[in-house]
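In: give me a 3D structure for the following:
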Amino acid sequence: MRITGEPFGSVDGTDVRRWTLERGGVRVRLLTYGGIVQSVATPDRDGVPGETVLGFPDLGGYLKRPEPYFGALVGRYANRIAGGVFTLDGRTHRLARNGGPHSLHGGERGFDKRVWDAEEVEGGVRLSRVSPDGEEGFPGRLEVSATYTLDEDGALRIAYRALTDAPTVVALTNHAYWDLGGEHELRVTAGYFTPKDGTGIPTGEIAPVGGTRLDFRTLRPAGVGIDDNFVLDAGAPDAAELYSPVTGRVVTVETSEPGLQVYADAMFSGIALETQHFPDSPNRPEFPSTVLRPGERYASETVYRFGTR
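Out: Residues are numbered from 1 along each chain as shown. The predicted structure is shown next:
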């Protein structure tokens with residue numbers, strides 16, 4: 001296992017560092033700016049290492065084009081909150097509307113646009129910061145961390161933790177776009193999804209994928225035009241698998257989260273597999289809760305396993 005850190009520019013006078021983790025033929029590079037996974041290099045079926053995520057070679061690229069959220073640590077709330085407003089314990093909280101009429105991925109300056117503290121830990125690096133009460137409209141002072149480690153077999157593990165001093169909502173994810181080379185085939189372990197309106201907000205229905213374009217229960221070409229939340233099958237060994245017949249690379253996703261947002265757009269060659277709670281859960285009591293209260297601990301974990309066939 002090899003862990004190194006190096007300067008990677010600065011944001012508003014705050015230094016940014018890039019950390020490199022290497023193990024088992026896998027190399028991961030992440031930034032303290034935005035918790036961004038800048039690079040994941042893995043071997044193809046011929047043993048030749050190559051890049052598997054989209055990103056920019058320097059910090060300037062991320063500052064100039066923040067909207068794709070390339071590789072970013074997204075929060076305080078991943079995905080959309082309808083109208084940028086929610087009510088918790090009788091109090092109404094108004095958030096920045098940065099996704100059309102809605103709050104998207106934590107607001108105008110979410111976790112993806114902050115510089116995080118970093119410390120080396122066994123097998124990787126832990127990023128942490130304190131999100132103050134009222135940041136982007138969210139209540140409560142939130143102590144939050146994301147620990148990136150490489151397992152002995154080279155799997156990338158991201159463990160999220162958070163504590164609050166007041167009732168709040170939390171939903172974190174990583175927004176890497178996986179590009180394994182060539183056209184992709186996708187499998188999602190989900191028999192249901194959450195239908196949405198024209199602005200991306202769930203209607204509240206839980207609908208079967210059978211007979212729809214979102215039936216990825218068996219591996220098939222991914223295509224484009226997907227921006228949907230899948231309800232993951234409870235107890236399944238994994239959440240999704242992405243495969244490139246061209247390079248032979250495979251990424252298998254495991255998660256403790258109940259949902260997976262798949263985003264495949266013709267603008268990008270990669271596919272985002274965002275493990276998370278459902279969109280607009282703070283306004284949908286029928287969805288799994290994203291409420292975090294004092295004395296509780298937010299804990300979420302996602303593992304990306306790499307292989308070939």
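
In: those helices in the stretch 1-150 of the chain, which residues are they?
Out: Here the stretch 1-150 of the chain has its helices, by DSSP state H, counting those that start in this stretch, at 59-64.

In: show me where it has its strands.
Out: Per DSSP state E, counting those that start in this stretch, the stretch 1-150 of the chain carries strands over the ranges 2-11, 14-23, 26-31, 37-43, 49-51, 73-74, 80-81, 85-88, 91-94, 103-104, 117-121, 124-131, 142-150.

In: what's the closest of those to L59?
Out: In terms of Cβ to Cβ, the element of these nearest to L59 is strand 2-11, at 3.9 Å. All C-beta spots, glycine's among them, are computed from the backbone N, C-alpha and C.

In: of all the strands of the stretch 1-150 of the chain, which one comes closest to G200?
Out: G200 lies closest to strand 80-81 among these, at 5.4 Å (Cβ to Cβ).

In: what's the closest of the strands of the stretch 1-150 of the chain to R161?
Out: Counting by Cβ to Cβ, R161 lies closest to strand 142-150 out of the strands of the stretch 1-150 of the chain; the figure is 5.0 Å.

In: now the angle from the closest one to strand 26-31?
Out: 150 degrees (axes from the mean of the first three to the mean of the last three Cα atoms, to 10 degrees).

In: dump strand 142-150 to CSV, restricted to CA.
Out: Taking Å, rounded to 0.1, in the frame of the first residue of the first chain, the C-alpha atoms of strand 142-150 are listed here in CSV:
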residue,chain,number,x,y,z
LEU,A,142,-22.8,19.1,11.0
GLU,A,143,-19.5,17.4,11.7
VAL,A,144,-18.9,15.3,8.6
SER,A,145,-16.2,13.0,7.2
ALA,A,146,-15.5,10.8,4.2
THR,A,147,-12.8,8.1,4.5
TYR,A,148,-11.4,6.8,1.2
THR,A,149,-9.5,3.5,1.5
LEU,A,150,-8.2,0.8,-0.8
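
In: list the pairing partners of that strand within its sheet, with orientation.
Out: As defined by DSSP bridges, the strand partners of strand 142-150 come to strand 124-131 (antiparallel), strand 156-164 (antiparallel).
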